[in-house]
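A.B. asks: would you be able to build a 3D model of this:
(chains A and B)
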Amino acid sequence: MKTNRVMQIQPLTSLAIACSNLHSPFLATLKRPALNGVNCAIRAGEFVTLVGLNGAGKSTLLRSLVGLVPIQKGTIHINGVAVSFKSLRQRQEVSILFQGGGLVPQLTALENVLCGSLGQRSTWQTLTGFRRSDRLHALQLLQELGLDAQIYQKTSHLSGGQRQRVAIARILMQSPKILLVDEPITGLDVLAATQVMDVFSQLHRQGITIVSVLHDLTIAANYAQRAIVLNAGRVVYDGICENLPAHLSVGRS
Amino acid sequence: MKFFASRFKSAWSKRLLILGGLILVYGWALRGLKLDLEMLNQSVPYTIDFISRLLPPDWSVIDVAVNALVETIQMSLWGTTIGALLSIPIALLSAHNLTPSWVRWIANLVQNAVRSVPSIVLGLFFVSATGLGAPAGTLALGIYTIGYLAKLYQEAIESVDPSSIESLRVSGASWLQIAQYGIFPQVLPLGLGYTLYMFEYNIRSASVLGVVGAGGIGFELVNYIRGFEYNKATTMMLVLLVVVIMIDGVSNQLRRRLETL
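C.D. replies: Numbering: from 1, shown residues only, chains lettered A, B, ... in the order given. The predicted structure is shown next:
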C-alpha cells in the first residue's frame, strides 16, 4: 500500500505524524471500532486532506491525535516521538480546530482569541485578565485575519466565516506546528469558504503542517497536496488529489 | 393482516391498562382526602362569611404594611444573594460535564437534602437560633434558595456547548480557567435570569416565613388574622399583591434584556 511506502521512504523522525495499525475502542453502534487499523504518515509541512463518507472515522482520527480518543491498539508518533493517550493531551505543538469552531458565543472575538493562550499561562496569571503581550499578539492575529472591525463584537453576532477565522486566530495563539482541522467550511458560503481556506493555505506556506477533514472534493483538490481517503475506519486511498470522487465511491461498494 | 390486528389489540389493551391504573391511583388519593360532598355544600356560607369579613380593607394600617413589605424585600434580597453564592459551588460540583460521578453523587445528595426541608422548618430552626425577626427569615431564605438555584444553575452549566469546553481543554487550560472563561460567560445570562425569578419567588415565601415569626409582611399578616382583624389583613395582602405584580413586571423586562446578552 502507498501508505507503507511513504513510511518506508521517510525516516520516522522527519514525519510530523505517523500512525500505525491504529485501533480505537469497539463501538456497538457500528459493530466495529471507529478506527480499524489506520496506517498513515504525514510529513512536516504537508497540507493533507482527510476525506471519506460520514462515519468513516475522519473526526475520530483527528481527535485521537490530540488524545481525545483512547487508543486500543497501534501507535502514534508525533515528530518522531512515540506518544501515549495521556501524554498527547499535554502536547502544545498539535492543535485542533473543531467543527463549528467551539467558540464561547458570549465573549468578544478578542476574548475568544485570548482564550487560546490559557494553556501557556497559569490559573493565577489569568485570574484577573490577560497580560499585555498576549493582548497585543491576539490583536495582531485578528488584524492579520481581516477581522479589525469585529475585535470587540460578541462572536454570537458574527457570521459563520468570521467565527471560523476567530477560531483560527485562537488556535494560532498557541503557535502550533501541526494544525488538525475538522470540516472548517461546512455551512459557509463560497466566498467565506474561500477566505477560510486561503488562511490555511497561507499558514501552510509559513511551514505549518495542516491536516484537514473536507467534504468538498473540489476545494480539497485545490488546496491540499495529498488526500487520504478513509472508509469504515481504514485508509483506502492515499495519494494525489486526483479523481477523488471515484476513490470515495470505491469505498462505498 | 392478522399480525396488524394483534398489534392493534395489544396497543389498546395497554392503553386501557394505563387508564385503569390512573383511575385507581386518583381514587386512592381521593379516599385519603376523606372528601364529603355534604360537607362541601355546607361549607359555602362559611366561605362567603370569611371573604365578606375580609372586606373592605382597612387602609389605616397602610404604613405598617409598607414598612413590613420593605423588610420583606430586604430579606429576599439578602436571602437570595446568600443562597445564590452558596449554590454556585454546589452546582459546579453536580454538573455531569465537569465533575467525576462520585463527587456529583455527594453534591446531589446535599441538594436533595436541602430541597426536602420545608421553608417553615428552616424558619423555625433559625428563629430558635437567632431569635424572632428578619435575620432568622433571611438565613432561612438563603438555605431554602440553595435547594432550587443549585439545581437550576446545574442545568444551565450542563447546557453549555460541549465543543467550546473541549476546545479549551485541548489547548491545555486548567479546570478553573475553563470555568472562568468557558463556562461562566455562557451560564451568566441564564443564571441571572433564574436568580431574578428566585428573588421574586422569595418575596412570596418570605411572607410564609412570617407565620413562624421570622419577620417580614407575613408576621403582621398572621398577627392580624389571629386577632380577627381581617380588614387589616386584607390591606397587607393587597399591598403584597401590588408589589409582586410590580416586581414580576420589572424582572420580566430584565430577563428579556439578559436573553439578548
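A.B. asks: residue ranges in chain A under the pLDDT threshold?
C.D. replies: Counting by pLDDT under 70, the ranges of chain A that qualify are A:1-13, A:85-92, A:250-253.
A.B. asks: show me which residues of it are close to chain B?
C.D. replies: Contact residues, chain A versus chain B (C-beta under 8 Å from any C-beta of the partner chain): A:66, A:68, A:89-90, A:92, A:95-96, A:98-107, A:111, A:115-116, A:118-120, A:122-123, A:126-127, A:167, A:170-171, A:174. The C-beta positions use only the backbone N, C-alpha and C, and glycine is treated the same way.
A.B. asks: buried subset of those residues as a ChimeraX selection?
C.D. replies: Restricted to buried positions by 16 or more other C-beta atoms under 10 Å in any protein chain shown, the ChimeraX selection for the residues of chain A next to chain B reads:
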select /A:66,68,95,96,98,99,100,101,102,103,104,105,106,107,111,115,116,118,119,120,126,167,170,171,174
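A.B. asks: filter the residues of chain A next to chain B down to the ones in helices?
C.D. replies: The members of the residues of chain A next to chain B that map onto helices under DSSP state H are A:111, A:115, A:167, A:170-171.
A.B. asks: from those residues, pick the one nearest chain B.
C.D. replies: Among these, A:Cys115 lies closest to chain B (C-beta to the nearest C-beta), at 5.1 Å.
A.B. asks: quick one, helices of the chain?
C.D. replies: Going with chain A. Using DSSP H, helices in chain A cover A:2-9, A:58-65, A:85-88, A:109-115, A:132-144, A:160-172, A:190-205, A:217-223, A:244-252.
A.B. asks: please go with chain B instead
C.D. replies: Under the criterion DSSP H, chain B contains helices at B:2-33, B:37-54, B:62-94, B:101-115, B:119-130, B:134-158, B:162-170, B:175-177, B:184-209, B:217-226, B:230-259.
A.B. asks: the fourth one versus helix B:62-94: what angle between them?
C.D. replies: Calculated by axes from the mean of the first three to the mean of the last three C-alpha atoms, to 10 degrees, helix B:101-115 forms an angle of 160 degrees with helix B:62-94.
A.B. asks: residues of helix B:101-115 that come out buried?
C.D. replies: Of the residues in helix B:101-115, B:104, B:107-108, B:111, B:114 count as buried by neighbour count, 16+ other C-beta under 10 Å.
A.B. asks: same thing with the longest one?
C.D. replies: By neighbour count on 16+ other C-beta under 10 Å, the buried set for helix B:62-94 is B:64-65, B:68-69, B:71-76, B:78-84, B:86-88, B:90-94.
A.B. asks: what packs against it?
C.D. replies: Helix B:62-94 sits against helix B:101-115, helix B:134-158, helix B:184-209, helix B:217-226, helix B:230-259, with contacts defined as 3 or more C-beta pairs under 8 Å, 6 or more residues apart in numbering or on different chains; DSSP states H and E.
A.B. asks: chain A: which of those is closest?
C.D. replies: Nearest of the helices and strands packed on helix B:62-94 to chain A, taken as C-beta to the nearest C-beta: helix B:184-209 at 4.2 Å.
A.B. asks: buried sites along that closest one?
C.D. replies: Quick answer for helix B:184-209 (16+ other C-beta under 10 Å): B:184-187, B:189-203, B:205-209.
A.B. asks: the residue at minimal distance from the centre of chain A bridge partners, please.
C.D. replies: With distances taken as C-alpha atoms, centre = their mean, A:Leu180 lies nearest the centre of chain A, 1.4 Å away. When assigned by DSSP bridges, A:Leu180 has beta-bridge partners A:Ile96, A:Val211.
A.B. asks: ok, A:Gly52 - contacts?
C.D. replies: Residues near A:Gly52 by C-beta atoms under 8 Å, 6 or more residues apart in numbering or on different chains: A:58, A:229-231, A:248, A:251.
A.B. asks: of the residues you listed - the most surrounded one?
C.D. replies: Counting neighbours by other C-beta atoms under 10 Å in any protein chain shown, the top entry in the contacts of A:Gly52 is A:Leu230, with 28 neighbours.
A.B. asks: quick one, what contacts that residue?
C.D. replies: Residues near A:Leu230 by C-beta under 8 Å, 6+ apart: A:38, A:50-52, A:56-58, A:61, A:236, A:251.
A.B. asks: repeat that for B:Ile178.
C.D. replies: B:Ile178 sits next to B:165, B:168-169 when contact means C-beta under 8 Å, 6+ apart.
A.B. asks: how about 10 Å then?
C.D. replies: B:Ile178 makes contact with A:115, A:118, A:123, B:98, B:164-169, B:171, B:184 under the criterion C-beta atoms under 10 Å, 6 or more residues apart in numbering or on different chains.
A.B. asks: dump the helices and strands packed on helix B:62-94 into TSV; add mean pLDDT as well.
C.D. replies: Listed next are the helices and strands packed on helix B:62-94 as TSV, based on pLDDT from 0 to 100:
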stretch	mean pLDDT
helix B:101-115	88
helix B:134-158	88
helix B:184-209	85
helix B:217-226	81
helix B:230-259	83
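A.B. asks: could you dump the ones you listed to JSON lines with distance to chain A?
C.D. replies: Listed next are these as JSON lines, based on distance: least, C-beta to the nearest C-beta, whole Å:
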{"stretch": "helix B:101-115", "distance to chain A": "18"}
{"stretch": "helix B:134-158", "distance to chain A": "12"}
{"stretch": "helix B:184-209", "distance to chain A": "4"}
{"stretch": "helix B:217-226", "distance to chain A": "38"}
{"stretch": "helix B:230-259", "distance to chain A": "11"}
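A.B. asks: output the ones you listed in TSV; the columns should cover distance to A:Val196.
C.D. replies: Below are the helices and strands packed on helix B:62-94 laid out as TSV (distance: least, C-beta to C-beta, whole Å):
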stretch	distance to A:Val196
helix B:101-115	39
helix B:134-158	31
helix B:184-209	24
helix B:217-226	60
helix B:230-259	30
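A.B. asks: so what's the closest residue to chain B within chain A closest to, chain neighbours aside?
C.D. replies: Nearest residue of chain A to chain B (C-beta to the nearest C-beta) works out as A:Gly119 at 2.6 Å. The shortest distance from A:Gly119 to any non-neighbouring residue, by C-beta to C-beta, 6 or more residues apart in numbering or on different chains, is to B:Gly172 (2.6 Å).
A.B. asks: swap in B:Tyr197?
C.D. replies: Nearest non-adjacent residue to B:Tyr197, counting by C-beta to C-beta, 6+ apart: B:Ser251, 6.8 Å away.
A.B. asks: what about that neighbour, neighbour count?
C.D. replies: Residues within reach of B:Ser251, counting by other C-beta under 10 Å, total 18.
A.B. asks: kindly report the same for the one 5 residues further on.
C.D. replies: The burial metric for B:Arg256, expressed as a neighbour count using other C-beta under 10 Å, is 10.
A.B. asks: hmm, B:Gly249 and it touching each other?
C.D. replies: No. The criterion here is C-beta atoms under 10 Å, and B:Arg256 misses it with B:Gly249 at 11.1 Å.
A.B. asks: can you tell me which residues contact A:Gln195?
C.D. replies: A:145-146, A:161-162, A:164-165, A:185, A:188-189.
A.B. asks: redo that, cut-off 7 Å
C.D. replies: A:Gly161 (C-beta atoms under 7 Å, 6 or more residues apart in numbering or on different chains).
A.B. asks: against B:Ile217, how distant is it?
C.D. replies: Look at A:Gln195 and B:Ile217: by C-beta to C-beta, to the nearest Å, they are 61 Å apart.
A.B. asks: was I right to think A:Ala18 contacts A:Asn39?
C.D. replies: No. With contact defined as C-beta atoms under 7 Å, A:Ala18 does not count as touching A:Asn39 (8.8 Å).
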